[in-house]
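**Q** Sequence plus predicted model, see below.
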Amino acid sequence: MTQNEIILKTTAFVKETLADAEGGHDWFHIQRVLNNARQISKTENVDSFIVSLGALLHDIADAKFYDGDEAVGPNMAAEFLKSIQVKQSVIEHVIQIIENISFKSSLAKNQNKFTSIELEIIQDADRLDAIGAIGIARCFNYGGF
């Protein structure tokens, strides 16, 4: 299976899985994060395949909706990626992204904490979506003041 086919299958999986998700963690959020991550990564030396998969799967099962269970999302993503025969090294990188993307994770003082340029790009894209139109409007309002 080609990388493009894997991305298409992953997109379909995410759309189906998040079909009934609340508005802040639905397919449209994932799509915006994916588009932003791809845009940011154009000027960086990154693995664009990892960026796409990480962005698509970063909120596949947000712990907030699973009684705080941080393992649900990474496990769900790993099972899916294994089912479509993605290389283990790719799966491990994507899982590390999912486990470390949250703002809470970024505050941890763990010296052995995972980091990669792909994670940083997806975090930036996710945070850009979090500020949303209201946050941008407030910036313009303050700047105009």
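**A** In hand now; what should we look at? Numbers count the residues shown, from 1 in each chain.
**Q** Point to the helix or strand of the protein where mean pLDDT is at its lowest.
**A** Least confident helix or strand of the chain, by mean pLDDT, DSSP states H and E, is helix 103-106 with a mean of 55.
**Q** Any figure for the gap between the nearest residue to residue 84 once chain neighbours are set aside and residue 16?
**A** Nearest non-adjacent residue to residue 84, counting by CB to CB, 6 or more residues apart in numbering: residue 9, 5.4 Å away. Any C-beta I mention is one placed from the backbone N, CA and C, and that applies to glycine too. Going from residue 9 to residue 16 by CB to CB, to the nearest Å gives 11 Å.
**Q** How about residue 26?
**A** Distance, residue 26 to residue 16, by CB to CB: 12 Å.
**Q** Pick out whichever of the two has more residues nearby.
**A** residue 26 (16 against 9; other CB atoms under 10 Å).
**Q** That one reaches residue 18, doesn't it?
**A** Yes. The pair residue 26 and residue 18 passes the contact test of CB atoms under 8 Å, sitting 5.5 Å apart.
**Q** show me where the protein has helices.
**A** In the chain, the segments counted as helices under DSSP state H are 3-17, 27-41, 48-57, 72-83, 88-100, 103-106, 117-144.
**Q** Any idea which of the ones you listed has the lowest pLDDT on average?
**A** Mean pLDDT is lowest for helix 103-106 among the helices of the chain, at a mean of 55.
**Q** from the helices of the chain, which stretch is densest packed?
**A** A comparison of those by mean neighbour count, using mean count of other CB atoms under 10 Å, puts helix 48-57 on top with a mean of 24.
**Q** roughly how far is it from the heart of the chain?
**A** Centroid displacement of helix 48-57 relative to its chain, using CA atoms, centre = their mean, to the nearest Å, is 7 Å.
**Q** okay, the angle between that helix and helix 27-41?
**A** With axes from the mean of the first three to the mean of the last three CA atoms, to 10 degrees defining the directions, helix 48-57 sits at 150 degrees from helix 27-41.
**Q** picking up where we left off before, from residue 99, how far off is the residue nearest to residue 84?
**A** 22 Å.
**Q** cool, and residue 38?
**A** 22 Å.
**Q** my guess is residue 80 contacts residue 14, does it?
**A** No. Taking contacts as CB under 8 Å, residue 80 lies outside contact range of residue 14: 9.0 Å.
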